[in-house]
Structure formats: structure tokens, C-alpha cells
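K.L.:
One predicted model, sequence on top.
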Protein chains: 12
Amino acid sequence: MSPAVLVINGPNLNLLGLREPAVYGRETLADLDAACIAEGEAVGLAVSCRQSNHEGELIDWIHGARETTDALLINAGAYSHTSQAIPDALRAYAGMIVELHLSNIYAREPFRHHSHISATATAVICGLGSAGYRLALRAVAERLASLRNA
Amino acid sequence: MSPAVLVINGPNLNLLGLREPAVYGRETLADLDAACIAEGEAVGLAVSCRQSNHEGELIDWIHGARETTDALLINAGAYSHTSQAIPDALRAYAGMIVELHLSNIYAREPFRHHSHISATATAVICGLGSAGYRLALRAVAERLASLRNA
Amino acid sequence: MSPAVLVINGPNLNLLGLREPAVYGRETLADLDAACIAEGEAVGLAVSCRQSNHEGELIDWIHGARETTDALLINAGAYSHTSQAIPDALRAYAGMIVELHLSNIYAREPFRHHSHISATATAVICGLGSAGYRLALRAVAERLASLRNA
Amino acid sequence: MSPAVLVINGPNLNLLGLREPAVYGRETLADLDAACIAEGEAVGLAVSCRQSNHEGELIDWIHGARETTDALLINAGAYSHTSQAIPDALRAYAGMIVELHLSNIYAREPFRHHSHISATATAVICGLGSAGYRLALRAVAERLASLRNA
Amino acid sequence: MSPAVLVINGPNLNLLGLREPAVYGRETLADLDAACIAEGEAVGLAVSCRQSNHEGELIDWIHGARETTDALLINAGAYSHTSQAIPDALRAYAGMIVELHLSNIYAREPFRHHSHISATATAVICGLGSAGYRLALRAVAERLASLRNA
Amino acid sequence: MSPAVLVINGPNLNLLGLREPAVYGRETLADLDAACIAEGEAVGLAVSCRQSNHEGELIDWIHGARETTDALLINAGAYSHTSQAIPDALRAYAGMIVELHLSNIYAREPFRHHSHISATATAVICGLGSAGYRLALRAVAERLASLRNA
Amino acid sequence: MSPAVLVINGPNLNLLGLREPAVYGRETLADLDAACIAEGEAVGLAVSCRQSNHEGELIDWIHGARETTDALLINAGAYSHTSQAIPDALRAYAGMIVELHLSNIYAREPFRHHSHISATATAVICGLGSAGYRLALRAVAERLASLRNA
Amino acid sequence: MSPAVLVINGPNLNLLGLREPAVYGRETLADLDAACIAEGEAVGLAVSCRQSNHEGELIDWIHGARETTDALLINAGAYSHTSQAIPDALRAYAGMIVELHLSNIYAREPFRHHSHISATATAVICGLGSAGYRLALRAVAERLASLRNA
Amino acid sequence: MSPAVLVINGPNLNLLGLREPAVYGRETLADLDAACIAEGEAVGLAVSCRQSNHEGELIDWIHGARETTDALLINAGAYSHTSQAIPDALRAYAGMIVELHLSNIYAREPFRHHSHISATATAVICGLGSAGYRLALRAVAERLASLRNA
Amino acid sequence: MSPAVLVINGPNLNLLGLREPAVYGRETLADLDAACIAEGEAVGLAVSCRQSNHEGELIDWIHGARETTDALLINAGAYSHTSQAIPDALRAYAGMIVELHLSNIYAREPFRHHSHISATATAVICGLGSAGYRLALRAVAERLASLRNA
Amino acid sequence: MSPAVLVINGPNLNLLGLREPAVYGRETLADLDAACIAEGEAVGLAVSCRQSNHEGELIDWIHGARETTDALLINAGAYSHTSQAIPDALRAYAGMIVELHLSNIYAREPFRHHSHISATATAVICGLGSAGYRLALRAVAERLASLRNA
Amino acid sequence: MSPAVLVINGPNLNLLGLREPAVYGRETLADLDAACIAEGEAVGLAVSCRQSNHEGELIDWIHGARETTDALLINAGAYSHTSQAIPDALRAYAGMIVELHLSNIYAREPFRHHSHISATATAVICGLGSAGYRLALRAVAERLASLRNA
């Protein structure tokens, strides 16, 4: 059976493709989810995707993923910069975590330069749009394979 | 048809008239909503009002207002000072935005002196109690009229 | 007899309509004064208007208003951010004070985000151009009326 | 009838006993709730317990407790360090409030050293694990008894 | 034989009951000492109490307690906020340490919000007046009992 | 001939006795000036007094005092905390300078705790009301006498 | 009987006249004490003087002065900048307090610019050498006389 | 006709040659003005010079220069470090602006290291005494010539 | 002909596999270079690799890459956190730039949390060891292909 | 023989005319060097010019200039903001030093507002492009002439 | 007669060898004193040693050493980081002062990175355990010999 | 064979004896190197010495010392305060490291008070001039001998 990966997108990412296309591109959240699922199939991962604007719901989902997934991809949007409860939830997750941002957050407003999530993640990828999600899944697949072989 | 305006009140504003009357006055949230709707009728705006203690719900409502309203009045309460996700949602709203506070937040505790929302708003009014909401609706009506005439 | 209101405009506001029209609009100070006086007449207030680039003169005028006016509207321009002597003068003024800014100062350079005057004012209105002054006069008229009736 | 006390546990406390046992111990949230209820019976308090990962839900519960309880015990987890809306809700609660933390938050990461809730509480107890909750209930019982006798 | 506990009170606590009764209550230091000794007897602890205004004397006493006591209760008063030598002494103490404050220090002046002692203590209790000392002794008794039984 | 001393009072001190009597007392500026002149006569100093709300005028007067006076008493009011031009003027004054404040500025709002003038003065006296001015004149007289005798 | 005043000098002031005469002058502590006692006699105050390098001893003396004196003069030397326990002791002293410094501390190293004691004092005098102590005693005598006459 | 240049000198520069010659040299303001006018004649510029200690007057002059001059030289003295109203006035000036300081402000006290004016100027020259003014006029002449030729 | 990519590794990366294997793994720099070249061949990129401990040499190489490459991968090691000259060089590079770090720098010492380079890069990848380099090359190949097809 | 002047240009200035012409203009480094040498000939100075991207090489050149030159012109580019070793080298240089920047660094990103070099220079000129270098040479020639004549 | 040196050890150093041997080693204070005395004999210095946990006592001893010793070795423990009164005492000591720390304080908690004492010492040695004291005595002997020979 | 020690001196130390003799003394770098080699011979260490103004070269030498030396003495001059790449290199060095400074850096400008190198060193010695280097070699010899004997 394929390893399971949950892709969690946070606040305002439901507007993907609808707001500030100069920053975030024209791809919608549905497009992004589809690309992740397809890439998952290509590299042998069972990918599911969720989005919420509610900090508490993101935490609930991270908790739920503890028993049911091998890795998490998380783009917590603006909660990356203000939430300490989401990082606490991630610290309690034993699998691989990749933090994602569509844009290069370090080239934007100062408040976006620090993500409390980064220190709890295995890796951080930003600035590659949806390609970043696909590469992250590829990295997860490689890592899980190498752990199986170890 | 009248332009539509959504009035969003955030955390703890459901207690209006019940807590700290010295700061917030004795008017309840129902009174405030009624005053807004009446003023809207007077100046030709279709006003609806909502209140929530949930940051995510405020974001959902702002998103929902993108296609259905011409202007937003928002008093995000204490989320004004801690949320970056609400300002992100407001940045994706194309209509006029007026930030409101019943009390003069600049004369209170230091943490209330900076609102992350202010930079995303068209205008800020504070310290006028419910009169501030009514004046904001009047300003919205004027602005929409001048845009129609331009 | 109508209650008296003094409108005080501070440094560089004499250039209104002449500098940075993208920020401040094309209306001149004379236009603004005229609009204030007209609005005053409409709501039953005797409005007079003054402008100076001198911090000391603004203080002298605030002192002078202590015995002769019922409310002050003040846009202290850049002195809002650097003067502690003007707030000291305002603390000695017993009437209603509305701080005004034509533009939304919270969406501009960081040094404009904090006004020392705000904590001494009854209310703050910014980002509404000259409409803000007119709404402020309306708020003053309402407040004075409710005090008379109380 | 026994005075009523609501015990509110915040984000990630549902994982109690499941994550970082070196920091939080092996007791589960169900164990903690049972211990609180039993202690309440011992000291004459009707204790009920709730947990949520949603900031807004914690606020709703605090509001609900205004009319129905005599005291609150609250461990707001990471929201202690980021929320200003929860303290605003607590400021509108007239009963006794005890802030609790299982671990000694002052001996952990710097971001946990300051809780916005502390200034709104009657008392703070941390570092005693579930015993802290039991002692807090005892303190509540003593205080309510002394108020009744006063 | 009963385990031994030393209660150390720091600067200005000799004025207890004499200064600022609104903050510290009307109980004197002698009352507090008596309450601690009585509670110790109730829970099976041999309690002794000392007070000094001298930082060096507090350090000497902590050193002396290393071989002769099983736990320390310490309220270092204002030295909590300025001393690094007392925390150094406490780091060399192997028994249980409970930091105490009569008032809720987090609701007072900012300089009282951070205690250098907290990070070296097992637990912190504040805001419960002398009841806090009694509860701390109860917690010590429980902890020592559970260690004996482990 | 008696040595000459200029007493300079800055912004808002013309309101002395008229505003915030709890902070500044009921004595007027005319009373203060008269007390200074009388004390000057008593200790052998020719005292003159001036007040202005204009920073530039204070500077002009300090310049003018360079050739005509032996000492300055200066209470620059709120300019103490914001002006660097007045201290620059004082650095070019060779006589004795005493900085005065009627109230204890260190017990008031934080912005009043630092005066840029203090580092350029010979001495600072605050919190003694008009008595501070009289004592300052006495100190000036003593110092000038000891210089004459040296 | 004459009102009693205690003059407290803190750390390193025993070296007066022996160290850094450019900053502190050539007068010894014995000279200073004698001058204070003589001035006290002149203005009708019974003055006694003490000096210690021990923070705890200064606190003990302030406590002791609560019942036996009408006013305190205190120059806490470097403890002015580091101690919070001495200000706590002074807050419990009901009489008049004058903080003194021989040199103008605001013109020296930055760490000397803020004294935690200032906010607890009635008045602050610095930069006048031993004359400052004499003027302070004169101010105390005046104040006590005016209170007696009130 | 020669292009017109206004040279504005700010607070305390009237003391040039009279105060701190080690820092500012022995040349007087009249000497500096004469040198500027002579250099202007040499490079084909009609130079006029003004000095004031009043922030408001400097602003008035900058406003007046908008229609009548092609370039400004400004040494705002200590107002460079405290005024935001002067920079606002300069932002409304369309011609070339050269900020000047006689001494190297970056080698003096920290408060002189940042000039709010610098960001509104075309160029900054400091540390060259009156030669800096002459070179600035030369630079203005070159720039205006190249604009005429472009 | 294949597009050219230069991989630049900065200070101490020559020690790869030799120092702190817990942080950086056991792979050597030669291994990393070989992996990059192989991945480049797989995705159609001509990859070359360089390493230096000299900030100036890194700048020289970035300059040299302006005319000869289509993309840069850069891991500037500790210079990421201290150099402003390398970011200046990167700002003058028109191709795609991916910043790489083997470890998750955001989970290490605070000084490693901010890279001045990030704001000048297209994308940032960290925490994936040498896999990060391979994924970056894949992202470069995709991006260049999409540009060619656009 | 003509006095000798070394012009040192630092990192990225070899790209002059090639990068960001909106900021730095279209003139190349060769053009700038030629202009300096020509101006030197005009005012009687033997000018030589060097550029390096290596901090150490800039230091070596400053050391070399100690015995062989009368003045230095230095534009250390981004090293101005990060290097303390270059200022240390300049402190050991006894001749005149002029710091130069082509653009007005105070109107650019905040990290460019402070140059560690400024405090070690005689003078600073910025915002005049290559004209600044020419004026600096003229100032050097004047100063050396006045020293010879003194 | 041999020159005299006083070795002063501050708070908690009486626990040497008893607490945290991983940081401070197993040598006791008696061992350290003996090593210092022996080394003193070897290099011709009369060494005496004292330890106290009382800040005031350390100050008293430094004062006492003014007339009786040629050099001081001082390890003020945690008072190094909080005391300004000890540095004031050291400023009044004319002989050579060597500050010592057994451990490398710069590699420990941030509050230990800055010692107020360092700026008043001739030299600082840390991280060498008791060898540091012996080397300091050797350095003192060398320096005193070179002064005698000068 | 004698253990090997490399002495690394950083930027501007080649000017030793040539610049600021009041701070650094009159001894040249050649003198210092000779003194180190002689002391090495005396205590049984093979000492070699290098100096460079290039940060990268210092890093190269530290790397080179990993296989060939038993200890490092390093005075990184101003790079101590700005480089993070040198500390990274030192972290990869397994032998003993002594950081040296000729002057007492804590008594000089604030930027010299913190050395990034200190936390990576075994010990720090400053303020003893070249004697510090000799004592450091003696400490190295002792430590290596004790390790051999352990």
C-alpha cells in the first residue's frame, strides 16, 4: 500500500488564482490539489488535500494525521507568522513535515519573513509556486524509500 | 437596487452593553445592528450585520463578501492586533473598507495602539461609539455615489 | 447661539491640492475650509479655520480655544508624530477633540503610524479626505446636542 | 447547591499523555478531567471540563460561563502567548480565574515566558502537572467559602 | 521523621500587613509563618521560616538548605527581578523548589512580570496570598510521598 | 551690580494654575515669576522671566542670554523630551544652567522620563513646584559667589 | 521638638573626596554629614546620617525610618540604577523623600540616566554637590512647615 | 537669467564661528553667506541665504522656494534629526536639494547619525565646512546645465 | 545546447562530510557536486560546481555567471547571514536563483534564521540535504522549459 | 610633485553601468576612473584608481596607501554597512579620507542608511554620481593646499 | 617585601567542586585558594583570598584593598552581570585588576555574556579553570616587575 | 615530538606597533611572532604564526590546522565582531582554541564588546598585550600535558 501524505493549506489559499495573480499565479486551489494528487501517483504516494481558514481546524487535522499519514505538507498562510498552537501540534507529529509557500516569503513584507512553523519542519520550500508542492512530494517519496531500505 | 454593505463585528462584541460600560457604553450589539440598518436605509445602502468570536469565520465572511457587497465595515476587536490572516483576506477584497472601533484604541493599553488591519483599510474611525458606524455608512454612500457619477 | 468649533490644520496643509495629489487629492485648503464652514452651518455649528506651519502657533491657538470653543478638529500633519507639546496643550482643553488625517496614515511610512495626539483626542478619523472633516463636524454636533439634552 | 467551576483546556491538550511525556507526563486529558471532577466533589464544587483547539470556541465558552459559573480554571496552551481576544473575554468574566500550566512555562522556550492571560487572572499556577489543577480547585473552594462568610 | 522544608521570604516581606494592604493583605509575616508551620504539621512536613532584606543572606540560607532540607519555598520579592546570584544558588539545590508571590505579579508593573528565579524552580504559584504557601506545602508533601513510593 | 539670571519657561507653562492643578498646583505663571524675582532680590540676583510656546523663540532667548546673563533657569516643558535644537543652543551657553520641572517627571508618563536638556545642564531639580525655582536661584547665588571668591 | 530627617548615602559614597575628585569634588563624607547636620539646625530639622555599601542595610534603615522620621534624603549611588528592592522599601515610606546625586547623572554614562528610585521620590536634585543636600533639607523644612500650617 | 538657489541654514547656525570652534571652525554665518554668493556668481547661479531658529519659518521658506528657485541647499541643524514636517515640505519641492552639514555628523553623538531630511534630498555632503556649500553649488550648476542641454 | 547552471557553495562547505555529520550528513562536497552534475544530465542542464571560503571570490563568480549561465544555485553558508555584498551581486544577475541550505537553518541558532540572500532569490529550499540541490535543478529545468515554450 | 590620491572602489562597482542603471547611471567604472584622473590633473593631484570585490584586498590597499598617498577616496559599496575591519584600517590612515556613494544611500533600503566607514572619514558625499568623486578631489586639493599654506 | 595581591571570589563560588562539576570542575574553593597562594610564592607575590555571597562585602573588601594591595583578581560570579556598585568600587582602585571566570562565560546563557566589571578591569581571562588564576598572578608579577624597572 | 600550535592573527594586526600605540603598544607583529615561538620552545610547543587581512584566508588556515595542529591561538581582529564563517570553521576544529585580544575589548567601543568567536573557543584572554599570547601558550602546554597524563 502507498504511504499516505496529507497536504494542508491554510487561510486565504482558497482564493488561489483569484487574488493577486502577480504574487500567487493564476492556478486555483483545485488545480493545485489535482497536481499534488497526480504527482503523488507518479511517485507512489497516496495524497489527500484540505484547506481551511480556521486555525483550530488546521490543528485538528494535524492531530488526525498522527495515526493515518507518513508525511505532511503544510502551507499555513498567514498563520505561519502568528500561530504558536499550530507549531505545537506539529511538534507532536512524528512523520516528515515540509513547510511550503507559493511565493518567496522572504522577499515580501517583513512580517512574512519569520514563520514559527519552520523550526518544527523537516524542510522548507518557497518561491516555486505549485512546483514546490510537487518537488516536496518527490522529496517525501525519496526519504520514505530510503528509510524503508535502511 | 441599493448597494450592499456588510458590517462585521469580531470577538467579544457580542458582549456589547454587557461588559465594561465605562469603555464601551450601554448599547447592545442588537442596538448597534439596528442603528446600522436604519442608517443604511437613510443613505440608500442595504446593510447586513454579523458577529463572530472565530477568526476563521471572519475570514470566511470577508471572502463571501467579495462577490456580494460594495463595501465592508469591520471592527475586528482584539484580532485587529494579532491577526495577519484577516488583513490578508481584506487585501483580496476590492471594495471600500472602513475599520471601526467603538472606543479610542490609541488611548488604551499599548497592545491596542497598532491594528494590522488599518493598512488594508480605506479609512479608520474610532472613539465615536455607534455613531462611528453610522458616519462610516454615510461616507460609504457618498463615495459610491461619487464613483457612480465619475 | 451656535456652538463654536475651531478647525486647526498644521504644517504643509497650506499646500493641499498642490503637492502629491495622488495622496492628498486636488482640493485646496480654501476648498476644505469652505466645506467645513458650510457643513457647520448645515449642522448648527459656528466653524472657523486656521492653518500654520509653526508648532508654537498651533499651541497658542489651542490655548485660545479653551474659553471660546466647544470642540476642536485638529490635523497636526507631521507634528502629530514628533510633538509632545501639542498633546500637552490638548490635555488642557476640556471640550471634544477630533483628530483628522486626510490620508490613511496607517497605510503610509512607519513614522506616520503613531500620532502622539491620538491619546488626547476623543476620536480619530483618517483616510476619508475632506469628507472626514465633514463627518467629524456632524459627530460633534450630535455629541453636543446629546450633552445639552442629557 | 455546590458552586460551579468550568475547567477549560486549550489547543493540543487533547494530546495529553500522547505527546512529549518527558514534558507533560503520561496522564491523559480524560485522567485530568476525572481528577478535577473528583477533587471538586471532595471540596464541594461542581466541576465540568472542556477542551478545544479553536480560539473562538474558548471565547464562546468563557462568555457562556459568565452566568453559569463561579470560577474558571483555564489552561489556554499556546493561545496564552498569542491571543488578545481570550484575555478580552476573561476581562468580562466577574468570577475567580486561575491560569494553569502543566509544565513550568518559564523554564521552556522564550515565547512561552509571557502569557497575555496572566494579567487578567486572579492567580497563576504552573509546573505542578495535574496536581496544579487540584490545588487550584482547593483554592477556589477556600476563596468562595471566605466570600460567603464575609 | 518528617521531611524538612525551608520557607524563605525576601526583601520587604517583613513589612507584610504593614504596607499596601490593598496589594498584600493585612496578614503579617508572623501570621504567614505560623500558617506555614501549621499546614506543614497537617501534611507531615517540618517547616521552618526565615526572612531577610539581604541578597547575600538569602544565598547563604539556600546553600545551608542543601544538606538539611527536602524542599524550598521561596518568595524573593524584588530580588526575583534583579538577582542572578540567587538563581545560581538555586541551581545548586537538588530538592524541589516552589516560587511564591502573594500578589499576581503579572498584573502589576512590567518590571515584576519576569522573575529570573522561575526558570530554576519546579513550580510557580502567585496571586493566592498566604493560601499559595499552604498549597505549595501540600504539593511538596504529595511529591515527596510519590517519590518515596516510586 | 547684581549678577543677572534669566528664567525661561517653555510650552504650556502659561497655563500654570489653570490646567491639571493636581499635577502642577494652583500657582499661576505670574505668581511663579514674582516669586523668582523676589527670591533673586533676597539672594542678590537680578532675575528676569520669559515664557513662550515656540521652540525657536526659546532658542533665540538662550542665544540672547549669552552676553547678558550669568546663569539660566530653564523649564522647557514638553520640548525637554523632543528638542535637540534647544540643547544645542544651551551647549553654546557658558554660564550655569539649572533645568527645572515643577512635577517629578520621573513619576509620570515614560516619555517624560528622559530630557535631552539634562545632559547640557549643570544641575536638575524636579518635583518641588515653585520652591524648586527658588532653591535653584539660591544655588546659583552660592555658586557665583564662590567663583568670585576663588 | 524638631522634625527628624534621615540622610542615607549608599555604595562607594564612603570614598567621597577620595575617588574621582573631578566628578565628585574634594569634600569627604564626614564633611557632607556635618554640613547636613548644620543646615538641619539652621532650618529646624534634627538630621542624622548613615552610609552603607550593603543594599540590604539600606532597606533595613528605610524600614526603620518609617516610625521615627518625617523625611528621607537618599543618594543610593549605583543601587539607584539596579535595585528594585530599595524602591519597594521607599514605596512603604509615607514621609517626604528627596533623591540626591552629587553629580549630574544625566550627563554621565547611559546606565546612570535612569534611577528606579526617582519614581518613588517626591523630588530629585542632582548636580549641585553637597549644596544639593542642603537645599533639599531647606525644601523639607518648608514643606513640613506648610503641612503643619495647613 | 541665472538660475536661483536658496541656501537655508537652521537652528544655532547664527552662532557659527562663535560656538565650539573645534567642531565648526571660526568662519561666521556672514562669511559663509558671502562665500556662497561669490561661488554662485562664479558658476552662474543667483544665490540667496537665510537662517532661522524656527522650524515653522524654515518650512515657510521651503514653500516659498517652490515657485522662485531651481535648487535648495539646506543645513537644518538639529531639526535634521527631530523634524518630520521639514522633510514633508521638502517632498513637495520639485527642484534639486542638497543637504549640508559643516561637520561630519556621523562621527559625532549618535542622535546626529540619522537625518530625516536625507531621504528627501538629491545629495548629502558633510564634513567639508563651508567648502561643502561651495561644492554643492558647483554640483547644482552642473546638474542644471546638463538638464538644460538634455 | 543545454542551458548552463552554476552551483556555488560557500564557506566551510569544503568540509562537508568531515564536520558535524549529525547536522550535515556524511556525503562529501565531491559527492554533492557529482550528484548535481548527474541530475543536470538527467534533466538537460549543463551543471558546473565551485566552492570557496572567500566572500570576494563568490562575488567574482556570480559576476562571471551573468553572461554564461541561465541559473544559479547558491549555498553561501555563513555569509548568507552577514554579507550584503553577495546579495548586491545577485541583484545584478538576471537569471533564476535558488538559495540552498543542507540543514533546516530555521531550526538552528537564531543568527542562521535570517539570510540576506533570500530576498534576492527566486526560491529557497532548505533541510533536504543534497536532495534539495537535485530538486532545485529539476525546478530550474522546468522553469526554463516553460519560459522557452511561452 | 603633485600630491597622490588613491581612489578605492569596492564590491560590485566593477558592474557600474551594467546593473540597475536607474540607480547607478550608465557610466562604467572605466569612465569613472578616467574622470577622476582627468579631474586630478585639473586640480593638481596624481590620482590612481583600484576596484576589488575582496574585503581583504581593500584593507591591503588602504595599508599600502599609508606611506604613498596624501588622501583616499573610498566607496566601499556594501562593505560600508557590514565591515568593521575596513574602518579599523582607515583609522590607521593619517591622511584625508572622503567616503563616496554614487546614489543617495539614505533614500534606499534601511541597511544602507548606516556606514561604519563614515565615522572614520573626514567627509561624506553621496547622491551626486561620478560628479561626487570629482568634487571630492577638488575638496582634497583645496584642503592640501591650505595645509601647505598654513 | 613582596607586592600584595587580593583574590576576591563572589557569590556561589564557595560551592566550587560541589555544584555542576561538568561546568566548574571538581576542585574546591580551598584548593583554588591554595593554588593561588602557592603560585604567588613562586612568582614573588603575597596572595590572600576571600569569598563572599554579599555584594556589599565585596565592595567593602575592594575599598580595603586600595591602600594595602598592588593588584586585584576578581571573579564576581553572577554579580558580574547585575552589579553597577562593584564596578564603581573598582573604578576607585588604582592598581591592576584582572577579571576571572572559571568557565567560558561567552559560551553559556546570554545573561552571562556581558560583565559590567570587564570595562573597569585591566584584563579578562575566562575558560581556563583555576589555571586562569595562576596565569593571572603570573601576568600581575610580570607587569609589576616591568613597572618597577621602568 | 612537540605538539604543534598555530597562532593566527587577523586584519590590521600587520600594523602592530605602527598604529594607535596608546591602544596596542609599540611591539611589532614580528616581535609578537618571535615572542610566541620563543615561549613555545620554553614550554615544549612547536609554534608557527600567520597573519592575513582576508577572512577567507583565515578560514582556509583553520581548516588546514585540523590535521596538523593540537591547538589554535586566534586574534581575529575586527572579524571577531562581524564574521560568522570563522566561528563555523572553528566549530569544525577539534583541538583547544584560545581567543586573544591585545587590548581589553570590553573597555572600548560597544561593537567590540561581543565576539562571535568567543562561544567557539575554549578560553578567552584579553587586555594583556603580547603577554596574553605567552600565557595562552603556557595554558595550552599545561592542558595538553594533563590530557597526555590522563
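P.N.:
Cool, the structure landed.

K.L.:
Briefly note if the longest helix anywhere in chain A comes near chain I.
P.N.:
Across chain A, the longest stretch assigned as helix under DSSP state H is helix A:130-149. Yes - using CB under 8 Å from any CB of the partner chain, helix A:130-149 comes into contact with chain I via A:131-132, A:135, A:138-139, A:142-143. The C-beta positions use only the backbone N, C-alpha and C, and glycine is treated the same way.

K.L.:
who's in contact with that helix?
P.N.:
With CB atoms under 8 Å, 6 or more residues apart in numbering or on different chains as the test, helix A:130-149 has contacts from A:3, A:5, A:7, A:25, A:27, A:31-32, A:35-36, A:39-40, A:43-45, A:47, A:70-71, A:73, A:96, A:98, A:100-102, A:122-123, A:125-126, A:128, I:123, I:125, I:128, I:131-132, I:135, I:138-139, I:142-143.

K.L.:
how near is the residue in chain A positioned nearest to chain B to chain C?
P.N.:
Residue of chain A nearest chain B, by CB to the nearest CB: A:His54 (3.0 Å). Counting by CB to the nearest CB, to the nearest Å, the gap between A:His54 and chain C amounts to 27 Å.

K.L.:
Chain neighbours aside, what residue packs nearest to that residue?
P.N.:
B:Gly56 (3.0 Å; CB to CB, 6 or more residues apart in numbering or on different chains).

K.L.:
The most centrally placed residue in chain A in helix, strand or coil?
P.N.:
Nearest to the mean C-alpha position of chain A, by CA atoms, centre = their mean, lies A:Ile74 at 2.3 Å. For A:Ile74, the assignment made with DSSP: H, G, I helix; E, B strand; the rest coil gives strand.

K.L.:
Kindly report the same for A:Val98.
P.N.:
Going by three-state DSSP: A:Val98 is strand.

K.L.:
Can you point out the buried residues in the helix or strand of chain A with the lowest mean pLDDT?
P.N.:
Least confident helix or strand, chain A: helix A:21-24 with a mean of 74, by mean pLDDT, DSSP states H and E. Neighbour-count burial for helix A:21-24 flags A:Tyr24 (criterion: 16 or more other CB atoms under 10 Å in any protein chain shown).

K.L.:
now for the following helix or strand past that helix, which elements pack on it?
P.N.:
As assigned by DSSP states H and E, the chain's next helix or strand after helix A:21-24 is helix A:29-43. Counting contacts by 3 or more CB pairs under 8 Å, 6 or more residues apart in numbering or on different chains; DSSP states H and E, helix A:29-43 packs against strand A:4-9, strand A:46-51, helix A:130-149.

K.L.:
Switch these over to CSV; also include mean neighbour count and mean pLDDT.
P.N.:
As requested, the helices and strands packed on helix A:29-43 are exported to CSV (neighbours: other CB atoms under 10 Å in any protein chain shown; pLDDT from 0 to 100):
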stretch, mean neighbour count, mean pLDDT
strand A:4-9, 23, 98
strand A:46-51, 19, 98
helix A:130-149, 20, 95
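
K.L.:
Name the nearest residue to the residue of chain A found nearest chain E, sequence neighbours excluded.
P.N.:
Per CB to the nearest CB, A:Gln84 is where chain A lies closest to chain E, at 18.0 Å. Distances taken as CB to CB, 6+ apart put D:Ala78 closest to A:Gln84, at 3.9 Å, once the chain neighbours are dropped.

K.L.:
give me the residue from chain A nearest chain D.
P.N.:
Chain D sits closest to A:Gly56 of chain A, with a gap of 3.0 Å, by CB to the nearest CB.

K.L.:
Show me the shaky parts of chain A.
P.N.:
For chain A, not a single residue meets the criterion pLDDT under 70.

K.L.:
Around chain I, pick out the residues from it.
P.N.:
A:104, A:106-107, A:113-115, A:118-128, A:131-132, A:135, A:138-139, A:142-143.

K.L.:
Check these for burial and list the buried ones.
P.N.:
A:104, A:106-107, A:113-115, A:118-128, A:131-132, A:135, A:138-139, A:143.

K.L.:
So the closest residue to A:Ser48 other than its chain neighbours versus A:Val98, what's the distance?
P.N.:
Residue nearest to A:Ser48 in three dimensions, not counting chain neighbours: A:Leu6, with 5.7 Å by CB to CB, 6+ apart. According to CB to CB, to the nearest Å, A:Leu6 stands 11 Å off from A:Val98.

K.L.:
how about the residue of chain A closest to chain B, what does it touch?
P.N.:
B:54-57, D:54.

K.L.:
ok, the residue nearest to A:Gln84 touching D:Asn12?
P.N.:
Yes - at 7.0 Å, D:Ala78 counts as touching D:Asn12 under the criterion of CB atoms under 8 Å.

K.L.:
Narrow the residues of chain A next to chain I to those in strands?
P.N.:
A:123-126 (DSSP state E).

K.L.:
follow-up on the earlier one: quick one: what helix or strand has the residue of chain A closest to chain D in it?
P.N.:
Per DSSP H and E: helix A:55-68 holds A:Gly56.

K.L.:
That helix packs against which elements?
P.N.:
Helix A:55-68 packs on strand A:4-9, strand A:71-75, helix A:85-91, helix B:55-68, helix D:55-68, going by 3+ CB pairs under 8 Å, 6+ apart.

K.L.:
Out of the ones you listed, which gets nearest to E:Ala65?
P.N.:
helix A:85-91 (36.1 Å; CB to CB).

K.L.:
do the closest one and chain B meet?
P.N.:
No - Helix A:85-91 is not in contact with chain B by CB under 8 Å from any CB; minimum separation 11.6 Å.

K.L.:
If you count contacts, what does that helix end up packed against?
P.N.:
Helix A:85-91 makes packing contacts with helix A:55-68 when contacts are defined by 3+ CB pairs under 8 Å, 6+ apart.

K.L.:
if we can go back for a sec, for the helices and strands packed on helix A:29-43, which one sits closest to B:Leu18?
P.N.:
Once the helices and strands packed on helix A:29-43 are compared by CB to CB, strand A:46-51 is nearest, at 35.5 Å.

K.L.:
Restricting to C-alpha, output that closest one in CSV.
P.N.:
The C-alpha trace of strand A:46-51 is given here as CSV (Å, rounded to 0.1, in the frame of the first residue of the first chain):
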residue,chain,number,x,y,z
ALA,A,46,-1.5,8.5,-1.6
VAL,A,47,-2.1,12.2,-1.4
SER,A,48,-5.1,13.9,0.1
CYS,A,49,-5.7,17.7,0.3
ARG,A,50,-7.5,20.0,2.7
GLN,A,51,-7.9,23.7,3.2
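
K.L.:
Setting aside sequence neighbours, what's the nearest residue to A:Leu100?
P.N.:
According to CB to CB, 6+ apart, the nearest residue to A:Leu100 is A:Asn75 (4.4 Å).

K.L.:
what's the one you found in contact with, if anything?
P.N.:
A:Asn75 neighbours (CB under 8 Å, 6+ apart): A:8-10, A:13, A:99-102.

K.L.:
tell me the contacts of the residue of chain A closest to chain D?
P.N.:
So A:Gly56 contacts B:56, D:11, D:52-57 (CB under 8 Å, 6+ apart).

K.L.:
Which of the residues you listed sits closest to L:Ala89?
P.N.:
For the contacts of A:Gly56, the minimum distance to L:Ala89 (CB to CB) is 42.4 Å, reached by D:Pro11.

K.L.:
Excluding chain neighbours, what is closest to A:Asp60?
P.N.:
Per CB to CB, 6+ apart, closest to A:Asp60 is D:Asn53, 5.6 Å.
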